[in-house]
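> quick one, what's the 3D model for this:
(chains A and B)
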2 protein chains.
Amino acid sequence: MTEVTTRAWAYLSRVVEPPCVELAAMVGRVGPVEAAERVRRGQVDDDLARRTEARREIDRTTEDLELLARRGGRLITPDEDEWPTLAFAAFGGAAAAKPQGRPPLALWALGPARLDETAQRAAALVGTRAATTYGEQVTADLAGGLAEHDVAVISGGAYGIDGAAHRATLAADGVTVAVLAGGLDIPYPAGHSALLHRIAADGLLVTEYPPGVRPARHRFLTRNRLVAVFAGAAVVVEAGLRSGAANTAAWARALGRVVGAVPGPVTSSASTGCHALLRTGAEVITRAEDIVELVGRMGELAPEQPHPATPLDGLDDDERRVYEALPGRGVATVDEIAIAAAVEPARVLAPLAMLEVAGLAERHDGCWRIVRSRRQPA
Amino acid sequence: MTEVTTRAWAYLSRVVEPPCVELAAMVGRVGPVEAAERVRRGQVDDDLARRTEARREIDRTTEDLELLARRGGRLITPDEDEWPTLAFAAFGGAAAAKPQGRPPLALWALGPARLDETAQRAAALVGTRAATTYGEQVTADLAGGLAEHDVAVISGGAYGIDGAAHRATLAADGVTVAVLAGGLDIPYPAGHSALLHRIAADGLLVTEYPPGVRPARHRFLTRNRLVAVFAGAAVVVEAGLRSGAANTAAWARALGRVVGAVPGPVTSSASTGCHALLRTGAEVITRAEDIVELVGRMGELAPEQPHPATPLDGLDDDERRVYEALPGRGVATVDEIAIAAAVEPARVLAPLAMLEVAGLAERHDGCWRIVRSRRQPA
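Down below sits the predicted model:
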């Protein structure tokens, strides 16, 4: 990669809030150098102009790349062998129906692990920040077991389950990857500075955000798709009902990854999210070998479909039936949808979860309703 | 019911080790009085002669019925309104392929609850004798919640989960039924004498064994089919991998009942059986309402098929495919069977469990092999 190309990717990586379909499409058509030039000059269509106008005159490329070089990091772009092409193929499926369901434009990375190779045999271990002693212990056991089986452990660097996963993997000399929701120079949470430093030394820190970008709520949700896509399976160890981990699991499903959940005491609110996932078809995980088996299957997964022309093209038969069973207006209960779809109630939940991730359906007061699909960008 | 009929049922109830297809068939043809007479005189075919010769000259009918009357009990037979005809219709399905998969000939009962009515809205709560504090607490919460929802709690009277289920139901003024593996006059386990006495006073003790019969291992396994058949759903709260509760769950599946399992800590061996059931499709149970929903569905279950002519007639499509995928000789792993059946590995386990209950397949060193079906009695 020439310096001018690297500089173009670095500029493009900051100029929009990722992911940006319009920008990715233009880069695909004219290449990064020309795309950067057109954005800089404002020679872009209205959609992209709106997405880039706030930042197109900010050019921190030199400082960003100097900071990266000083820390020993690198920019991973679609031009590099390290770009995880195989893993990102999953974005071509049902996930593409959702605005954020796109690959990143480029990745800022720091650490000795090679991303493409790591992603070929990896599991995500995720969960609540408010982990119990039980959850942290189980996470450590699972991570240690995965390390022994040469399965990399992907997580989000947060307190609780994430931190336990990273720490136990490092302790077992395994490979661990923390996917950040901000710049490489912004250790978050601050209390994990030392841990993140160790991950950068032995594993990999990776983010689609350029230096200086601070984590924000929407960035965690967007980041979660990368935690899911870098792993063959996403395992939730402990999570509340509406947790970030459940969001990662939903991404994993939309991306055709296996979702697993660790059972826990029904008296523990930290396990309610896991039990909800088990109800909707997540695999029961009780030991590391269960995950190894799931990750091992990854190579057997059918290749993802090419980009769908409409969001509905990405749906499988069950999802389509359930989608078609949603009332044209108003809401319906799960049982009503099951009757309309002529599907057992238990088989309605997983498709509904998928439709929710795909932005085609949404929950409303315990019922479900259709979300009218906005026109997809061409 | 005339006294002579009652005496005939009581005699027949003791003369074979139940259930006995041959005896039931003869009673169906000639009625209990004539059947008792023929057995007593030895005027029966060879099969039935073998089953009855050891006991046909023992006539404890007078003593048995006196003991029953003294305790205020009753004999429930197919001649009575209280006979749970609807519940026993389930024996007409896949369960009939297994020797013990038959209704009892008659039931010895003690307690104010009416069996037929109770069985219309009931759940079985079962589990290990070696329950943890967690398991007993969850059992008590579930039983109390079921009592509040007017769902009767069926169990086996044992230490651990069973006892916790009975006790909590009584404490909540609910109806609880203990199905015994021996005579009504043999409180088992002895340490539960007082509890069984309270169940007899407020709920129901029921058994197919006449007075004086002692519980034995094979009787517990045979008894388990009644625990399953009297309930719309069988919920395992805590169980090891090869437990009686898993046997009850297998009966429940064979009888077309819903199976539920309560998740627990993956670090607790008392929950391993539950997690295994969850892997093979059991419903996730975290609170009483989950069970109420399952029991509520019972009325919507399709009616069971009539008695099959061969054991294979009772199988559903998946079970038949898996059965046909078993090798003609030798053993196969679950994965090999899945490939041969062109079914996902996860969908092979439940059919295999059913085939095992039906006596058509058996485990051998972690693999599975076919059991050649012996000729069914005409």
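> list the contacts of the residue in the stretch 151-300 of chain A that chain B sits nearest to.
Chain B sits closest to A:Pro263 of the stretch 151-300 of chain A, with a gap of 3.2 Å, by Cβ to the nearest Cβ. Heads up, the C-betas are built off the backbone N, CA and C, glycines and all. For A:Pro263, the contact set (Cβ atoms under 8 Å, 6 or more residues apart in numbering or on different chains) comprises A:271, A:274-275, A:278, A:284, A:286, B:263-266, B:271, B:274-275, B:278.
> same thing with A:Gly366?
By Cβ under 8 Å, 6+ apart, the neighbours of A:Gly366 are A:Thr333.
> what's the mean pLDDT across the longest helix anywhere in chain A?
Secondary structure of chain A read by DSSP state H shows that its longest helix is helix A:133-148. Helix A:133-148 shows a mean pLDDT of 98 in the predicted model.
> only alpha carbons, please: show it as PDB.
Extracted in PDB, the C-alpha atoms of helix A:133-148 (Å, rounded to 0.1, in the frame of the first residue of the first chain):
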ATOM      1  CA  THR A 133     -18.800 -14.200  40.900                       C
ATOM      2  CA  TYR A 134     -20.500 -17.200  39.100                       C
ATOM      3  CA  GLY A 135     -20.400 -15.400  35.800                       C
ATOM      4  CA  GLU A 136     -16.800 -14.300  36.100                       C
ATOM      5  CA  GLN A 137     -15.700 -17.800  37.200                       C
ATOM      6  CA  VAL A 138     -17.500 -19.500  34.300                       C
ATOM      7  CA  THR A 139     -16.100 -17.000  31.800                       C
ATOM      8  CA  ALA A 140     -12.600 -17.700  33.100                       C
ATOM      9  CA  ASP A 141     -13.100 -21.400  32.700                       C
ATOM     10  CA  LEU A 142     -14.500 -21.100  29.200                       C
ATOM     11  CA  ALA A 143     -11.800 -18.700  28.100                       C
ATOM     12  CA  GLY A 144      -9.100 -20.900  29.500                       C
ATOM     13  CA  GLY A 145     -10.600 -23.900  27.800                       C
ATOM     14  CA  LEU A 146     -10.800 -22.100  24.500                       C
ATOM     15  CA  ALA A 147      -7.200 -21.000  24.700                       C
ATOM     16  CA  GLU A 148      -6.200 -24.600  25.200                       C
END
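> and chain A, which of its residues are near chain B?
Residues of chain A that fall close to chain B, judged by Cβ under 8 Å from any Cβ of the partner chain: A:134, A:137-138, A:262-267, A:271-272, A:274-275, A:278-279, A:283-287, A:346.
> one step back: helices or strands next to the longest helix of chain A in the packing?
strand A:122-126, strand A:152-155, helix A:161-171, helix A:288-296 (3 or more Cβ pairs under 8 Å, 6 or more residues apart in numbering or on different chains; DSSP states H and E).
> and the ones you listed as CSV, adding mean neighbour count, mean pLDDT and distance to A:Lys98?
Formatted as CSV, these follow (neighbours: other Cβ atoms under 10 Å in any protein chain shown; pLDDT from 0 to 100; distance: least, Cβ to Cβ, whole Å):
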stretch, mean neighbour count, mean pLDDT, distance to A:Lys98
strand A:122-126, 31, 98, 18
strand A:152-155, 30, 98, 20
helix A:161-171, 25, 98, 23
helix A:288-296, 20, 93, 23
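> okay, those in JSON lines with distance to B:Val177 next?
Supplementary listing: the helices and strands packed on helix A:133-148 in JSON lines, determined by distance: least, Cβ to Cβ, whole Å:
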{"stretch": "strand A:122-126", "distance to B:Val177": "44"}
{"stretch": "strand A:152-155", "distance to B:Val177": "49"}
{"stretch": "helix A:161-171", "distance to B:Val177": "43"}
{"stretch": "helix A:288-296", "distance to B:Val177": "37"}
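> picking that back up, what does the longest helix of chain A contact?
Residues contacting helix A:133-148 (Cβ under 8 Å, 6+ apart): A:123, A:125, A:127-128, A:131, A:152-153, A:160-161, A:164-169, A:171-176, A:235, A:237-238, A:262, A:264-265, A:268, A:270-271, A:285, A:287-289, A:291-292, B:265-267.
> next: stretch A:62-71.
A:6-7, A:10, A:14, A:74-75, A:108, A:110, A:184-185, A:200, A:210-212.
> all strands of the stretch 51-200 of chain A, in order?
A:74-76, A:107-110, A:122-126, A:152-155, A:176-179 (DSSP state E, counting those that start in this stretch).
> so which residues of the stretch 251-378 of chain A form strands?
Applying DSSP E, counting those that start in this stretch to the stretch 251-378 of chain A gives strands spanning A:258-261, A:283-284, A:361-364, A:367-370.
> just checking, what packs against the second one?
Counting contacts by 3+ Cβ pairs under 8 Å, 6+ apart, strand A:283-284 packs against strand A:258-261, helix A:288-296, helix B:272-279.
> which residues touch the longest one?
Helix A:288-296 is contacted from outside by A:121-123, A:141-146, A:148-149, A:151, A:231-233, A:235, A:258, A:260, A:283-285, using Cβ under 8 Å, 6+ apart.
> that helix to helix B:272-279, inter-axis angle?
20 degrees (axes from the mean of the first three to the mean of the last three Cα atoms, to 10 degrees).
> CA atoms only for helix A:288-296, dumped as CSV, please.
This file holds the C-alpha atoms of helix A:288-296, laid out as CSV (Å, rounded to 0.1, in the frame of the first residue of the first chain):
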residue,chain,number,x,y,z
ALA,A,288,-15.4,-24.8,26.5
GLU,A,289,-15.8,-28.0,24.4
ASP,A,290,-19.3,-27.0,23.6
ILE,A,291,-18.0,-23.8,22.0
VAL,A,292,-15.1,-25.5,20.3
GLU,A,293,-17.7,-27.7,18.6
LEU,A,294,-19.7,-24.7,17.4
VAL,A,295,-16.7,-22.9,16.1
GLY,A,296,-15.5,-26.0,14.4
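> now do that helix and helix A:133-148, the angle between them.
Using the same axes, to 10 degrees: helix A:288-296 against helix A:133-148 is 50 degrees.
> chain center to helix A:288-296: distance?
Put simply, helix A:288-296 sits 20 Å off its chain's centre (Cα atoms, centre = their mean, to the nearest Å).
> also the shortest one?
Computed by Cα atoms, centre = their mean, the chain-centroid distance of strand A:258-261 equals 14 Å.
> same check on stretch A:22-36?
In this view, stretch A:22-36 has its centroid 23 Å away from the chain centroid, taken as Cα atoms, centre = their mean.
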